[in-house]
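Colleague: Structure, please.
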Amino acid sequence: MSWPAASTGPRKRRPWRARPAAVAGFLATLAAGAAQPQQLIANLDVSPQALTKNEARLYFAMHLVRWPDKRPVRVFVLPDKHDLHIAFCQHVLEFFPYQLRTGWDRQVFTGTGQAPTVVANESELIQRVATTPGAIGYASSAPANPNIRSLEVR
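Modeller: Predicted coordinates for the structure are as follows:
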């Protein structure tokens, strides 16, 4: 029985090079995400005109469940893998979607809270926010609906 011959030198490694098409696609994705600002929206009867970034995080994390006038908050979101949900979480809340999901699941499974209502698409989210008192959500741009107001995030 003979053993295979051992290699006499180090393997040649090719240096890593970025492919121009891949880099261009990545930059286009970044530019598209930056060009489409996400808008925090609420039902017309919601009293605050603006929220701090921390307040927005607390409402969407389901830690604040009442508005300042003591009415309940109803949060509507898109599915975790939806592009608008990912962009909203990262650019407005400065969270990753999995961080929100982990907090919601912990509250549901321990019985200390509930998760927001997940809707199928952006048009349904806008319709539900418009028809639900105390509702909050987000959209890719400010909708032209008289029952919805845009909230500024400071």
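
Colleague: Go ahead and confirm residue 90 touches residue 96.
Modeller: Yes. If you go by CB atoms under 8 Å, residue 90 and residue 96 touch, sitting 6.7 Å apart. Quick note: C-beta positions are derived from backbone N, CA and C, even for glycine.

Colleague: Return the set of buried residues in the helix or strand residue 138 falls within.
Modeller: Using DSSP states H and E, residue 138 sits within strand 135-139. Counting neighbours by 16 or more other CB atoms under 10 Å, one finds that the buried residues in strand 135-139 are 135, 136, 137, 138, 139.

Colleague: Starting from it, tell me which strands it pairs with and how they run.
Modeller: strand 39-43 (antiparallel), strand 74-77 (parallel) (DSSP bridges).

Colleague: Determine which of the ones you listed approaches residue 144 most closely.
Modeller: Closest approach to residue 144 among the strands paired with strand 135-139 is made by strand 39-43 (11.5 Å; CB to CB).

Colleague: The following helix or strand past the closest one: partners in the sheet, and parallel or antiparallel?
Modeller: Next helix or strand after strand 39-43 toward the C-terminus (DSSP H and E): strand 50-51. Using DSSP bridges, strand 50-51 pairs in its sheet with strand 148-153 (parallel).

Colleague: neighbours around the residue nearest to residue 115 when sequence neighbours are not counted, how many?
Modeller: Nearest non-adjacent residue to residue 115, counting by CB to CB, 6 or more residues apart in numbering: residue 104, 3.9 Å away. By other CB atoms under 10 Å, the residues close to residue 104 number 21.

Colleague: Contact partners for the spatially most central residue of the chain?
Modeller: Centroid check for the chain by CA atoms, centre = their mean gives residue 89 as the closest residue, at 2.8 Å. Going by CB atoms under 8 Å, 6 or more residues apart in numbering, residue 89 touches 95, 96, 97, 99, 100.
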